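# Kindly generate the corresponding structure for this input.
(one chain, ligands or ions: 1)
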Amino acid sequence: MPSAIFRTVAVIGAGPAGLIAALELGREGHRVVVYEREDNLGGTWLYSPQTETDPLGLDPTRVVVHSSVYASLRTNLPRELMGFRVYPFVPTEKPGRDPRRFPGHGEVLEYLRDFAEEFGLEEMIRYGREVWDVGMAADDRRWVVKSRRRDCGDGDGDNEVYDAVVVCSSHFSEPRVADVPGIDEWPGKQMHSHNYRVPDPFRDQVVVLIGSAASAEDISRDIARVAKEVHVASRSAPVDKIGKFSGHDNIWLHSVIKSVHRDGTVAFHDGDQTIADAILHCTGYKYFFPFLEKNNAVNVEDNRVGPLYQHVFPPTLAPWLSFVGLPWKVAPFPQFELQTKWIAGVLSGRITLESTEEMTADIEAFYSSLEAAGIPKRYTHRMEDSQYEYDDWLAAKSGSPPIEEWRKEMYVVTGRRRMNMPDTYRDEWEDEDLLSLAYQEFNLLKLSV
Ligand code: FAD
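A predicted model of the protein is given here:
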């Protein structure tokens, strides 16, 4: 095997993906600088009570608040499943910590801080530096990374040159809002869930939420504690579930909104209607990489980032540009770990990457398979059932053990319980057998270090 080559690598973002990228790249021997726009690590998990000036998050000139986390948020995955494999997310005896299996957001942030401390990652991070441009250097081989402090107007800021750039800036900050007929005339308040923090502003109001994913599920319940009525408009509402939420007096499930009107009426396709004070768009996010805008090798089209080989490498720029964390409906941290092991090993030459032609052919075959199955472009990075096949593929590439069976099963069990018992799944469970397998493995890991 040829001897390994060590590269200079810029990582964009110090959320979970950027932190594990720093660890894996550093372990491989690369020289790593992590650029982080905020003054702290944690990404999504760095809760801020501050919200954006445009509550819908559409104004391109708004000051961006990165985190979409709301005050009451508890994880929707159990901690055993959520943590990195190299550093299990187990309760600690440190004072003030949250030992619950589905802890609050603050516990995840503390875990990430512990992780960074354990592996000495802090010294690689440049805080308060926003990457605003990534372009080719004059030698057409390396990257110029341009960064600036966004709050002190230092103009174009610094330019630094790297062999490779790993994008870990995530896709939970650029809101996507629903198209609602009549919305321009509708007089009520509108907000995207990205800017939701606490229910108080909705006290005694009638609120309509659009969406059916995890945030709509949680926020509807959070708001219902103080609101007069909460109506959830969902594209995937089963007909037999339309009507009052079981166990709740003031939450109703509806089909999608048909139209909204000047007098405040919100009419649903199921024939029901209400006069509402506010509409909350829990409608997800767009992939957005403003620092790559001048680069034509990667584009975002109908929420497909492409072309990318296995959601990571653009064939014509591989391995010098890579993306971590694009797939959704996954257990993200362990997947980030496998993606970054692969990237680190390819950059050093330890792992052979397929040729540009092979990568391109693989992407074309993947896109054709989506089309043949009738899966829209915007679901290119949605994984759910296929995530562990993908993770195991990454594991094989990077010489890591495949994903443990208990994780695969725990993911399925948790998803089922979340759907059937949305009010209680975080505090009651019945997968003790899986839990015990997880802790057996965590204890073995502890003994081996
Ligand atoms: P992030 O955590 O978002 O971090 C990205 C970082 O990049 C940020 O720190 C940001 O400041 C920085 N950045 C962005 N652009 C730039 C730039 N130009 N220059 C410099 N820095 C930049 N996952 C779970 O596993 N369990 C859960 O229960 C769970 N709940 C969630 C709830 C909500 C409401 C949301 C939005 C997500 C949830 N997730 C959950 C998914 C969550 O996003 C991931 O857990 C994880 O935080 C993604 O990590 P990341 O590093 O890719 O992105």
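# Tell me the residues of the stretch 101-250 of the chain that contact the ligand?
For the stretch 101-250 of the chain, the contact set with the ligand under Cβ under 6 Å from any ligand atom comprises 130, 131, 168, 169, 170, 172, 215. (Each C-beta comes from the backbone N, C-alpha and C, glycine too.)
# and the fifth one, helix, strand or coil?
Classification of residue 170 into helix, strand or coil gives coil, according to DSSP: H, G, I helix; E, B strand; the rest coil.
# Run a quick neighbour tally on it.
Neighbourhood size, residue 170 [other Cβ atoms under 10 Å]: 24.
# Grab the nearest non-local neighbour of residue 391.
Residue nearest to residue 391 in three dimensions, not counting chain neighbours: residue 403, with 4.8 Å by Cβ to Cβ, 6 or more residues apart in numbering.
# Counting neighbours, what do you get for that neighbour?
22.
# and if you look at residue 245?
Around residue 245 there are 18 residues (other Cβ under 10 Å).
# close enough to count as contact, it and residue 234?
No: counting by Cβ atoms under 8 Å, residue 245 does not reach residue 234; the two are 11.4 Å apart.
# What distance do you get for residue 183 to residue 295?
According to Cβ to Cβ, to the nearest Å, residue 183 stands 34 Å off from residue 295.
# Number of residues surrounding residue 405?
11.
# I misspoke; the intended subject was residue 197.
For residue 197, using other Cβ under 10 Å, the count is 20.
# what do you get for residue 401?
9.
# The helix or strand bottoming out on mean pLDDT in the chain pairs with which strands?
One helix or strand of the chain scores below all others by mean pLDDT, DSSP states H and E: strand 243-244, with a mean of 86. Strand 243-244 has the following strand partners under DSSP bridges: strand 251-254 (antiparallel).
# For the following helix or strand past the strand it pairs with, list the C-alpha coordinates in CSV.
As assigned by DSSP states H and E, the chain's next helix or strand after strand 251-254 is strand 257-260. Presented in CSV, the C-alpha positions along strand 257-260 are these (Å, rounded to 0.1, in the frame of the first residue of the first chain):
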residue,chain,number,x,y,z
ILE,A,257,-55.4,23.8,3.7
LYS,A,258,-57.6,24.5,0.7
SER,A,259,-57.5,28.3,1.0
VAL,A,260,-57.3,31.2,3.5
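# Centre of the chain to strand 257-260, how far?
Between the centre of strand 257-260 and the centre of its chain there are 29 Å (Cα atoms, centre = their mean, to the nearest Å).
# got the buried residues for the following helix or strand past that strand?
Proceeding N to C from strand 257-260, the next assigned helix or strand is strand 265-268, under DSSP H and E. The neighbour-count criterion (16 or more other Cβ atoms under 10 Å) identifies 266, 267, 268 as the buried residues of strand 265-268.
# roughly how far apart are the last one and the ligand?
Applying Cβ to the nearest ligand atom, to the nearest Å, one obtains 25 Å for the distance of residue 268 from the ligand.
# same thing with the first one?
Distance, residue 266 to the ligand, by Cβ to the nearest ligand atom: 24 Å.
# ok, that residue touching residue 278?
No: contact criterion Cβ under 8 Å: residue 266 and residue 278 do not qualify, at 10.1 Å.
# can you list residues touching both of the two?
By Cβ atoms under 8 Å, 6 or more residues apart in numbering, residue 266 and residue 278 have these common neighbours: residue 208.
# Could you dump the buried residues of strand 265-268 into a markdown table with pLDDT added?
Formatted as a markdown table, the buried residues of strand 265-268 follow (pLDDT from 0 to 100):
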| residue | pLDDT |
| --- | --- |
| 266 | 97 |
| 267 | 97 |
| 268 | 95 |
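# which stretches of the stretch 251-400 of the chain form strands?
251-254, 257-260, 265-268, 273-275, 278-281, 299-301, 304-306, 321-323 (DSSP state E, counting those that start in this stretch).
# Of those, which stretch is the most buried?
With neighbours taken as mean count of other Cβ atoms under 10 Å, the strands of the stretch 251-400 of the chain reach their highest mean count in strand 321-323, at a mean of 25.
# Please name the strands paired to that one in the sheet, noting orientation.
Partners of strand 321-323 in its sheet, by DSSP bridges: strand 164-167 (parallel).
# Tell me the span between the first and last residue of stretch 8-22.
Length of stretch 8-22, first residue to last, Cα to Cα, to the nearest Å: 12 Å.
# same question but for stretch 84-96, I mixed them up
So stretch 84-96: terminal residues 22 Å apart, Cα to Cα.
# if you look at that stretch, does any of it touch the ligand?
No: using Cβ under 6 Å from any ligand atom, we find that stretch 84-96 stays clear of the ligand, coming within 9.4 Å at best.
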